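**Student:** requesting a structural model of the entry that follows:
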Amino acid sequence: MPGLSDRVCGQKMFSEDEWVSVGDRLHLSDRELAIVKHVFDDKSDCEIAKELGISRHTVNTHLGRLYRKLGVHSRLHVAVAIFSEYLAILAMRLSLDSATRT
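**Tutor:** Numbers count the residues shown, from 1 in each chain. Now for the predicted structure:
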């Protein structure tokens, strides 16, 4: 049985291309997508600010915009919205693959 360190967590759940696809479909800016990736890694506002070289206030501003854009009210719901969009993209790709095989 794989250990916790063997599991794919946080932003590593998706490839860079998958992140870009999700961001494009949700009309996220590059900065918003960077914030979302850090949310997936369960980083605090201070940690995100430090890693992105911006202020904590700017992180809060981006999070507020993300919440409005995605129609959510928490970091957990941001993650759920992103994962739901990823699943929609995956389902569409599988459907297209299936249609081209028949």
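
**Student:** all helices for the chain, in order.
**Tutor:** 16-25, 30-40, 45-52, 56-70, 75-101 (DSSP state H).

**Student:** report the inter-axis angle for the last one versus helix 16-25.
**Tutor:** Meaning helix 75-101. Using axes from the mean of the first three to the mean of the last three Cα atoms, to 10 degrees, one finds that helix 75-101 and helix 16-25 are set 100 degrees apart in direction.

**Student:** since we're on Leu33, how many residues are nearby?
**Tutor:** Leu33 has 19 neighbours, counted by other Cβ atoms under 10 Å. In this view, the C-beta of every residue, glycine as well, is placed from N, C-alpha and C.

**Student:** sorry, back to before: which one, of the helices of the chain, ends up nearest to Gly10?
**Tutor:** Evaluated with Cβ to Cβ, these place helix 30-40 nearest to Gly10, the distance being 4.6 Å.

**Student:** average pLDDT for the closest one, rounded please.
**Tutor:** What helix 30-40 shows for mean pLDDT is 95.

**Student:** that helix packs against which elements?
**Tutor:** Secondary-structure packing of helix 30-40 (3 or more Cβ pairs under 8 Å, 6 or more residues apart in numbering; DSSP states H and E): helix 16-25, helix 45-52, helix 56-70, helix 75-101.

**Student:** nice, that's everything, thank you.
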